[in-house]
Every structure is written in C-alpha cells, then in structure tokens.
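> coordinates only, sequence not included:
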C-alpha cells in the first residue's frame, strides 16, 4: 500500500496568513495616509506663497492692497485647499488662508488650515507646527 502525500495548505495556515496580512495592513495604512497628508500640505504652502507674491506685486504698483485681483476665494494648485485672501487694516495689510476642502486633507486634524499675512507671519491649526 502506498500513501499519497497531500500537497497544499490547510485552512488554519491560510487563516493565519490572512490574519498576519490584516494586522500589517491595519498598522501600515494609517501611517501611509499620514505621509500622504503631510506631502499634500505643500499644496497649501505653495498656493499661499503665490497669493502673497501677487498681493505684494499689486501693492508695489498701487500702494494699497484694496484693489488687488488676488483678493477673494480660489482653489489651490492641486485643489486640496481653498485659498481665501482678505484685505485688512483698511488696505494696509492682507491675510491669506488655506483651508482643507478635499480628501484626504479634510482628515488632517492637525493642519486643517494655514494662514500667511503681509508681514510674513505663518500660523496654522496647530500654531505653526505645520509650516
């Protein structure tokens, strides 16, 4: 009598592999999304700096921020943030704010908004740690 060898995996072995993969995915996915959110913050920073440059250029020509075409609301370059530029101090200053309005940035609780003003002060939801 010859015995045949069973080749393959048992159900228990497959369940153990699935459990290990599930645990690794549960650890890796949040870390990955955090890295994606951090890299997308560059969209807000670049858009705020562009808005500030346009406002400074306008001020150089008009000696006021009041009639600058950059004033108002627009989307950032990658469209993860909404950029709002407002005139302050009766035309002597401005504040540009980037607020997350597109996933995955809306889940970035630490850095939902960034602010840049005419004096170069940078603030964020966590008081500057995002810049």
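Okay, I see it. Everything numeric here is computed off the predicted structure, so don't read it as measured data. Numbering: from 1, shown residues only.
> the protein: helices as residue ranges?
11-62 (DSSP state H).
> which residue is nearest the middle of it?
residue 41 (3.4 Å; C-alpha atoms, centre = their mean).
> who's in contact with that one?
105, 108, 111, 114, 130 (C-beta atoms under 8 Å, 6 or more residues apart in numbering). (C-beta placed from N, C-alpha, C; glycine too.)
> now do 6 Å
For residue 41, the contacting residues are residue 111, by C-beta atoms under 6 Å, 6 or more residues apart in numbering.
> what about it, distance to residue 94?
Using C-beta to C-beta, to the nearest Å, we find residue 41 at a distance of 21 Å from residue 94.
> what does residue 100 give?
Counting by C-beta to C-beta, the gap from residue 100 to residue 94 is 21 Å.
> over to residue 81?
On the measure of C-beta to C-beta, residue 81 and residue 94 end up 17 Å apart.
> ok, now residue 22?
50 Å.
> do the same with residue 103
Distance from residue 103 to residue 94, by C-beta to C-beta: 29 Å.
> more neighbours: which of the two?
residue 94 (25 against 10; other C-beta atoms under 10 Å).
> residue 116 is in contact with the more buried one, correct?
No - using C-beta atoms under 6 Å, residue 94 is not in contact with residue 116, being 9.0 Å away.
> list the beta-bridge partners for the nearest residue to residue 101 once chain neighbours are set aside.
Nearest non-adjacent residue to residue 101, counting by C-beta to C-beta, 6 or more residues apart in numbering: residue 82, 4.6 Å away. On the basis of DSSP bridges, residue 82 is bridged to residue 75, residue 99.
> quick one: pLDDT of residue 82?
pLDDT for residue 82: 96.
> cool, residue 71 as well?
At residue 71, the model reports a pLDDT of 89.
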